[in-house]
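Colleague: Okay, sequence plus prediction incoming.
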Amino acid sequence: MKKDIKTRFEERYATGNTPWDTGRADSNLKKIIEEHKITGKRALDIGCGTGDNAIFLAQSGFQVTGTEIVDLARQKACSKASKAGVECEFLLKNIIENPLDEVPFDFVFDRGCFHASDSGELREKFVKAVAAHLKAGSFWLSLIGNADEKREGNGPPQLTASEIVTAVEPLFEIILLKSGHFDSDMEPPPRSWILLARKRG
Ligand SMILES: C[S@@+](CC[C@H](N)C(=O)[O-])C[C@H]1O[C@@H](n2cnc3c(N)ncnc32)[C@H](O)[C@@H]1O
């Protein structure tokens, strides 16, 4: 039987099998924030891992909440933020199942979390949760494994452009859906989709 997602990620953090954890914020996040002049007070990083992107957002002026389902990752994120002298809130919480009380946010980011939703139903649920945490007219940036890459060996889960659009478009205006690469120590770096979407309404 397939293990649940929490157990799978717990095992990966416990054994250090975390190739996505580069120790730095993804350059796609930095670039999109700058190019699209994304600002605001509160940012949410869903599936924040060990916190590098959340810390970057805090250093960029956001008040940041990161959520995780793996406590080891959350603890590492707290320790990195403290070392960086940055204040971030890191919560052990699956907000797809149990939304946060203190909403809305001005910006939602996820890198490698939405793409783990491996059915249309789960993707729809994830998108609804993002929308529920976001102000109307505000942005969600998601970095997603790209199914156009035929990869040998391990790599991130992958979605097609149409799977993304089907799930996202009912609640979000798609501003950008562009093929790119994850910032990665893997060679070659895995292909990604860079999705920037604005909440309707
Ligand atoms: C591929 S890793 C990426 C981690 C981090 N975003 C980064 O870029 O380094 C995906 C992360 O999402 C977390 N995760 C998966 N589903 C989640 C959920 N529903 N809520 C919060 N975290 C989740 C996993 O534990 C894992 O840390």
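Modeller: Perfect, thanks for sending it. Residues are numbered from 1 along each chain as shown.

Colleague: Name the residues of the protein found near the ligand, please.
Modeller: 5, 9, 20-21, 46-49, 53, 67-70, 73, 94, 96, 111-113, 116 (CB under 6 Å from any ligand atom). Placement of C-beta: from N, CA and C, glycine included.

Colleague: and the longest strand for the protein?
Modeller: Assignment by DSSP state E gives strand 134-145 as the longest strand of the chain.

Colleague: For the residue nearest the centre of the chain, give me the pLDDT.
Modeller: Nearest to the geometric centre of the chain sits Asp110, at 1.2 Å (CA atoms, centre = their mean). Listed pLDDT for Asp110 reads 99.

Colleague: Is it located within a strand, as I assumed?
Modeller: Yes - counting by DSSP: H, G, I helix; E, B strand; the rest coil, Asp110 is found in a strand.

Colleague: Start the count at 814 instead of 1 going forward.
Modeller: From this message on, residue numbering opens at 814, which makes the last subject Asp923.

Colleague: Which residue is the nearest non-sequential neighbour of it?
Modeller: Nearest in space to Asp923, with sequence neighbours left out and distances taken as CB to CB, 6 or more residues apart in numbering, is Ile859 at 4.4 Å.

Colleague: what does Ala838 give?
Modeller: Closest residue to Ala838 apart from its sequence neighbours, by CB to CB, 6+ apart: Phe869 at 3.5 Å.

Colleague: Compute the number of surrounding residues for that neighbour.
Modeller: Using other CB atoms under 10 Å, Phe869 has 21 other residues around it.

Colleague: And it, which helix or strand is it part of?
Modeller: Per DSSP states H and E, Phe869 falls inside helix 865-872.

Colleague: Excluding covalently adjacent residues, which one is nearest to Gly879?
Modeller: Closest residue in space to Gly879, ignoring its immediate chain neighbours: Cys861 at 3.0 Å, by CB to CB, 6+ apart.

Colleague: quick one: the one you found and Glu881 touch, right?
Modeller: Yes - at 5.7 Å, Cys861 counts as touching Glu881 under the criterion of CB atoms under 8 Å.
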